[in-house]
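Asker: sequence and computational prediction follow.
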Amino acid sequence: KAGVTQTPRYLIKTRGQQVTLSCSPISGHRSVSWYQQTPGQGLQFLFEYFSETQRNKGNFPGRFSGRQFSNSRSEMNVSTLELGDSALYLCASSPQADTQYFGPGTRLTVL
Amino acid sequence: GEDVEQSLFLSVREGDSSVINCTYTDSSSTYLYWYKQEPGAGLQLLTYIFSNMDMKQDQRLTVLLNKKDKHLSLRIADTQTGDSAIYFCAESSRNTGGFKTIFGAGTRLFVKA
């Protein structure tokens, strides 16, 4: 089976812009979780979607949002970007959100 | 709230065994995991153990779980330079919204040739 894919792999944006990241889970997996990884804060949970519904949400401001499509592909959106949003954004897929398989990540740099 | 703690650094010589330790607080944990992250890459699932198991061995990797003390360890036998990476411990428990997974801050393993 193909692994989790994330696009784009690298992204450079400026403050105030918005960005959309995409994640395609492993075939058959219905759960997609998103994480933000920074050197200072480590791996922080953003949200988890299962069958197009957000089931769990971390402690991030409303500028961070996501959605999941009927084919389980997921997108996350960050509006009004801030310098502190620079991070590696990781997507993980799972049959039930128990054992998670991660994609390579999207490295976002905000200038 | 739930927490997972790991030491930040570990340095070993090539050929020695590495032992990475982790403690967690959630007594309702269902699964416990070890992930490996190499520079610039995502997290690779190395192994996992169900909370009702004490030990799991997979080639050079041995996972030990002490549920009473909420302590998890990962032993890497015959450590190689290619094992240099960050190792994350994680625990997963079922909640009303499905599963919730908490990750530790990661242990950076340095392997000296």
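Answerer: Yep, that arrived. Numbering: from 1, shown residues only, chains lettered A, B, ... in the order given.

Asker: excluding covalently adjacent residues, which one is nearest to B:M55?
Answerer: B:L64 (5.5 Å; CB to CB, 6 or more residues apart in numbering or on different chains). The way it works is simple: take the backbone N, C-alpha and C, and place the C-beta from them, glycine included.

Asker: the one you found against B:L72, yeah?
Answerer: Yes - between B:L64 and B:L72 there is a contact under CB atoms under 8 Å: 7.2 Å.

Asker: compare these two (neighbour count), which wins?
Answerer: B:L72 (27 against 17; other CB atoms under 10 Å in any protein chain shown).

Asker: next up, the contacts around the more buried one.
Answerer: B:21-24, B:32, B:34, B:49, B:63-66, B:89, B:91 (CB atoms under 8 Å, 6 or more residues apart in numbering or on different chains).

Asker: buried members of these into ChimeraX, please.
Answerer: With 16 or more other CB atoms under 10 Å in any protein chain shown as the criterion, this ChimeraX line picks the buried residues out of the contacts of B:L72:
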select /B:21,22,23,24,32,34,49,63,64,65,89,91
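
Asker: in the sheet, who's paired with the residue nearest to B:M55?
Answerer: With DSSP bridges applied, B:L64 shows beta-bridge pairing to B:M55, B:S73.

Asker: ok, then the element right after the helix or strand where B:K36 lies?
Answerer: Element membership for B:K36 (DSSP states H and E) is strand B:31-37. Following strand B:31-37 in sequence order, the next helix or strand is strand B:43-50 (DSSP H and E).

Asker: so how far is that next one from its chain's centroid?
Answerer: 8 Å (CA atoms, centre = their mean, to the nearest Å).

Asker: isn't A:V110 right up against A:D85?
Answerer: Yes - A:V110 is in contact with A:D85 according to CB under 8 Å; the separation is 5.2 Å.
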